[in-house]
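Q: Next come a sequence and a model predicted from it.
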Amino acid sequence: MGLHEHALRRQVVNEMHLRRFARLDPPALAIQTVRLLDDEQWEKEWSVISDLRGAELDRTARHMETGWKDAVRIAWERHSEAITTTLTFATENKNPEWNLPLTGPSAEALTWMEELPGSVIRATQIVVVTSDSAAAELIERAAFHPAHLVSCVVDDAIRIWSDFRIHAEGYGRLVVATNGASVDEVSRCIQRVQELGNYRNLALLGLPTARHGWSVLDEIERSLDETGRALRGSSRTDDSLLASLSSLTARLLTLASETDSRLSATAAYAEIVAERLTDLVVSRLPGFQSLSDFTGRRFNPAVRTCRDFQTRLAQVSLRAAQFTALLRARVETHIENQNASLLASMDRSVRMQLRLQHLVEGLSAVAVGYYALGLIGYPLKAAEKAFPPFLRYCPGGLGSAGCGDRIFLNRLRTSPSRRRRLGQVDT
């Protein structure tokens, strides 16, 4: 009965066996390149590698090794962002040369590697010899720059030499003396040294991005400071300030989107560089700078520059958000004050309308009273001949008093103070 395997079991197990460096029995030569590819170049890459293997390569494959011919081998490995390609050559020459091979299978393999798609971010010639004495003449011919020469002992026995510069043929140069270390130990050491250099270059891709972003951030911060000073004063309208803050915030978001991916990769690569440097167990030699010295002198400050840019970008973005929140609070306060003033004005208008209504009602009552008196006067005039004259005025006076009392009582009954006492008036 077979195992019911998880779909990713073999992939995760194989992941632990990737990134093996080829065995190099000294004297030996190796050439490695690190390339960056865009989406279009990936299609060509798959096609070239499949043609080399003679079969279609699985698009999920991350590692491939194959022989070219006549003791020339090729190792291909896909990383998250880059591709490393390594050629290894077995040689019987105890005094290897730095000149690149021009004829034979070695030259054919080198030409094939140099014509691969993508942009090369690092290329290195590696020469492995048995001892320090065997490396002396090779180091002299390498034309290392004395001021940049790095030499140290790693893993307790293996010694390396390099100036980590690009030489005339376009490659860097690394000399490794095994000094009695086993082939496996040498291969692991070279792998760590190469990974340190490869990830160092990939990490430093973020430095130009940070430097350019730093100048852009300087400009944005100056504009933000001007807007902040205007926010304290009254020289600019709130609409103008809001437009400025919105524009600055949009620029900050654009800058973050343009730089975050690259600088996050720089931080991740820097951690790998630190790990590889620790794994190598570097021992200093008098008169030479070590890998630790070389890395700490320029690489660490560059990584800090990238990290500080991200920190500053976050701080400026936070300040812009705080200014925007402050302006929003001020605008909302103004709106609330305007609403309160409008409500107070509406309340005064309602009160004035109520008073006018009461006045009109009072005048209407007076007019009705006079009209009623006029109507009463007509029958009294008709009775003038039948009654004494005083009888005509006496009832009129009584009517006037009666109407006046009626008007007064009605006005009193409808007055705001009486209605307020009775709980009938809305203020």
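A: Yes, it's here. Numbering: from 1, shown residues only.

Q: which phi and psi does Ser235 have?
A: The phi/psi pair for Ser235 (degrees, to the nearest 10) reads phi -80, psi -20.

Q: list the buried ones in stretch 263-283?
A: Buried residues in stretch 263-283, defined by neighbour count with 16 or more other CB atoms under 10 Å: Leu263, Ala265, Thr266, Tyr269, Ala270, Ile272, Val273, Ala274, Arg276, Leu277, Leu280, Val282. Where C-beta positions appear, they are placed from N, C-alpha and C, glycine not excepted.

Q: scratch that, stretch 76-85 is what I was asking about
A: Trp76, Glu77, Arg78, Ala82, Ile83, Thr84, Thr85.

Q: average model confidence for stretch 106-120?
A: Average pLDDT, stretch 106-120: 91.

Q: Mind listing residues that contact that stretch?
A: 31, 33-38, 41, 44-45, 48, 52, 68, 70, 72, 74, 83, 85, 87, 89, 100-101 (CB atoms under 8 Å, 6 or more residues apart in numbering).

Q: let's see 6 Å
A: 33, 35-37, 41, 44-45, 68, 72, 85, 87, 89, 101 (CB atoms under 6 Å, 6 or more residues apart in numbering).

Q: coming back round to it: Serialize the buried residues of stretch 76-85 to a markdown table and add fields for pLDDT.
A: Below are the buried residues of stretch 76-85 laid out as a markdown table (pLDDT from 0 to 100):
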| residue | pLDDT |
| --- | --- |
| Trp76 | 90 |
| Glu77 | 89 |
| Arg78 | 88 |
| Ala82 | 92 |
| Ile83 | 93 |
| Thr84 | 94 |
| Thr85 | 93 |
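
Q: taking these one by one, which sit in strands?
A: Trp76, Glu77, Arg78, Ala82, Ile83, Thr84, Thr85 (DSSP state E).

Q: ok, the fourth one to Glu275 distance?
A: As for Ala82, its distance to Glu275 is 18 Å (criterion: CB to CB, to the nearest Å).

Q: for the first one, same thing?
A: If you measure Trp76 against Glu275 using CB to CB, the figure is 24 Å.

Q: Got the confidence number for the nearest residue to Thr88 once chain neighbours are set aside?
A: Nearest residue to Thr88 in three dimensions, chain neighbours excluded: Ala22, at 4.4 Å (CB to CB, 6 or more residues apart in numbering). Looking at Ala22, its pLDDT is 75.

Q: element containing Val153?
A: strand 150-154 (DSSP states H and E).

Q: Show me what that strand is packed against.
A: strand 158-162 (3 or more CB pairs under 6 Å, 6 or more residues apart in numbering; DSSP states H and E).

Q: Compute the mean per-residue pLDDT across the longest helix anywhere in the chain, please.
A: As assigned by DSSP state H, the longest helix anywhere in the chain is helix 300-382. The predicted model assigns helix 300-382 a mean pLDDT of 86.

Q: Stretch 139-146 too?
A: Across stretch 139-146, the per-residue pLDDT values average to 89.

Q: Could I get the contacting residues of Arg312?
A: Applying CB under 6 Å, 6+ apart, no residues qualify as near Arg312.

Q: And the strands in this protein?
A: Going by DSSP E, the chain shows strands at 28-36, 63-67, 72-78, 82-90, 119-129, 150-154, 158-162, 172-177, 283-284.

Q: Identify whichever of the ones you listed lies nearest to Thr333.
A: Taking CB to CB, strand 28-36 is the member of the strands of the chain nearest to Thr333, at 53.2 Å.

Q: export stretch 138-152 as CSV, just CAs?
A: The C-alpha trace of stretch 138-152 is given here as CSV (Å, rounded to 0.1, in the frame of the first residue of the first chain):
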residue,chain,number,x,y,z
LEU,A,138,48.2,33.5,-9.6
ILE,A,139,47.6,36.4,-7.2
GLU,A,140,50.4,38.4,-8.8
ARG,A,141,48.9,37.9,-12.3
ALA,A,142,45.4,38.7,-11.0
ALA,A,143,46.4,42.4,-10.8
PHE,A,144,44.4,42.9,-7.6
HIS,A,145,44.2,46.5,-6.5
PRO,A,146,46.4,46.7,-3.3
ALA,A,147,44.1,49.2,-1.5
HIS,A,148,41.1,47.0,-2.1
LEU,A,149,42.6,43.5,-1.7
VAL,A,150,40.7,41.3,0.7
SER,A,151,42.4,38.2,2.2
CYS,A,152,41.4,36.1,5.2
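
Q: mind checking how far Glu137 is from Ala321?
A: From Glu137 over to Ala321 (counting by CB to CB), the distance is 64 Å.

Q: And Tyr199, how far from Gly296?
A: 16 Å.

Q: what does Ile335 give?
A: Ile335 is 57 Å from Gly296, by CB to CB.

Q: Compare neighbour counts for these two and give me the winner.
A: Shown here are Ile335 and Gly296; by other CB atoms under 10 Å, Gly296 has more neighbours (13 against 10).

Q: separation between the more buried one and Val273?
A: Gly296 is 11 Å from Val273, by CB to CB.

Q: Tell me the pLDDT of the closest residue to Val316 other than its chain neighbours.
A: Nearest non-adjacent residue to Val316, counting by CB to CB, 6+ apart: Glu221, 5.5 Å away. If you check Glu221, the pLDDT there is 92.

Q: got it, and the one 3 residues further on?
A: On the pLDDT scale, Leu224 is placed at 92.

Q: Neighbours of it, how many?
A: So Leu224, with other CB under 10 Å, has 22 neighbours.

Q: Likewise for the one 3 residues further on?
A: The local packing of Thr227 (other CB under 10 Å) involves 22 other residues.

Q: Quick one: residues contacting it.
A: Ser244.

Q: can you pull the pLDDT of it?
A: 89.

Q: One more: the one 4 residues further on?
A: At Leu231 the predicted local confidence, pLDDT, stands at 85.

Q: what's the distance between it and Gln125?
A: With CB to CB as the criterion, Leu231 and Gln125 are 60 Å apart.

Q: again with Ala143
A: For Ala143, the distance to Gln125 - CB to CB - is 12 Å.

Q: Those two: which is more packed in?
A: For Ala143 versus Gln125, neighbours defined as other CB under 10 Å are more numerous around Gln125 (22 against 12).

Q: Give me the neighbour count for Thr259.
A: There are 22 residues near Thr259, going by other CB under 10 Å.
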